[in-house]
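1. Sequence plus the predicted model coming up.
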Amino acid sequence: MDPHLLRTFVTVAEHGSFSVAAAELGYTQSAVSQHIATLEADLGTPLLNRRPVTPTPAGDRLLEHAGAILLRLAAARADVDRAVGDPPGTLTIAASPLAAAGGRLATALTAVRRSQPGTVVTLTVCGRAEVAHGVAVGEYHLGLIDGVAAPTDPLLLVDTGTLRTSAVAHDTLVVALANDHPLASRRQIALRDLVDARWIDAPDVAAPLAALRAATDSEGFRPALTYTGTDVATLLDLIAAGHGLAVLPAALSPATAVLPAALPLATAALPAALSAATAVPLSTPRLQHRIDLLHGHLPGTAADALAATLAG
């Protein structure tokens, strides 16, 4: 199966349009039509309905595999490039918002720049999925990614090929809620008691609700509000105003009043958010907030030095 044809098929299916896919891929519309026809001939079945442009049942099955196939191909190319080596003196890092917090990354970068002066560093803070994908395809040398897992379990990541992970840090979890919430006086809370509570779905700055459902084998934890940003202060404001609950690492909870400068904070609103929210320790199930280092082949570069510092 030609990956160029597969990429064209995915793009057409995503946009529901041959012309839009052609514009995005830089092809003519006739070339896109030819790609799809060739792929359908190869697989011996129609993959797209033409009017409207939607996947056929066979096309839906192919889409289930296509993303992972294209990612693995891009990851293979990136791994070959890493084996050849990057230009010296460059270091690109991606970190999820909570993984970038706490000063750990800033301290490690200071050590690297002292040992390798002149290193040009680029740091991107983005969502967890973007971190994993970017490192897999070679956009970044290293990734710091956080998540929620049982103490003995690894973080669940998308298929990232031959990437390696190393544990960097872990923390306990708390439930953040408004001061006037009926459960704010609890000394601890079991997650199962909150299945039907009002939740804020903030997938990149709190424990994803899908992870809470999996941990309790429940269909609950439905969002009353969804926040797709990366500003923890905004999330705390929403919690303090009673819009819902969120599970956070204890180091970033309202009770500690510690929100590191590494996060893109709305600092003017921070004191009010901290004073109007409460953190209650999570009792069961046994979960922790983890930060892992994600990387491929590191051939003795600044990336190798940073990886050693963080994982050490």
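-> Everything's here; your move. Numbers count the residues shown, from 1 in each chain.

2. longest helix of this protein?
-> Longest helix of the chain, by residue count under DSSP state H: helix 57-84.

3. pLDDT (mean, whole number) over that one?
-> When pLDDT is averaged over helix 57-84, the result is 76.

4. next one: stretch 3-21
-> Mean per-residue pLDDT for stretch 3-21: 91.

5. Any buried residues in that stretch, and which?
-> For stretch 3-21, the neighbour count (16 or more other CB atoms under 10 Å) marks 5-13, 17-18, 20-21 as buried. All C-beta atoms are positioned from the backbone trio N, CA, C, and that covers glycine.

6. which one of those sits closest to Pro249?
-> Relative to Pro249, the closest of the buried residues of stretch 3-21 is Val10; by CB to CB it sits at 35.6 Å.

7. didn't that closest one look like it was pressed against Gly59?
-> No - in this structure Val10 lies outside contact range of Gly59 using CB atoms under 8 Å: 10.1 Å.

8. and the most centrally placed residue in the chain, what does it touch?
-> Most central in the chain under CA atoms, centre = their mean is Arg128, positioned 0.9 Å from the mean C-alpha point. Contacts for Arg128 (CB atoms under 8 Å, 6 or more residues apart in numbering) come out as Ser96, Ile145, Asp146, Gly147, Pro203, Asp204.

9. Which of the buried residues of stretch 3-21 sits closest to Leu109?
-> Nearest to Leu109 among the buried residues of stretch 3-21, with distances taken as CB to CB, is Arg7, at 35.4 Å.

10. how about the nearest residue to that closest one once chain neighbours are set aside, what does it touch?
-> Among residues not flanking Arg7 along the chain, Leu70 sits closest, at 6.1 Å (CB to CB, 6 or more residues apart in numbering). Counting by CB under 8 Å, 6+ apart, Leu70 touches Pro3, Leu6, Arg7, Val10.

11. For the stretch 201-312 of the chain, which segments count as strands?
-> Under the criterion DSSP state E, counting those that start in this stretch, the stretch 201-312 of the chain carries strands at the ranges 223-226, 246-249, 277-281, 288-295.

12. In a markdown table, list the ones you listed along with distance to Ala41, mean neighbour count and mean pLDDT.
-> A markdown table is the format used below for the strands of the stretch 201-312 of the chain (distance: least, CB to CB, whole Å; neighbours: other CB atoms under 10 Å; pLDDT from 0 to 100):
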| stretch | distance to Ala41 | mean neighbour count | mean pLDDT |
| --- | --- | --- | --- |
| strand 223-226 | 43 | 14 | 96 |
| strand 246-249 | 50 | 26 | 92 |
| strand 277-281 | 59 | 20 | 87 |
| strand 288-295 | 39 | 23 | 90 |
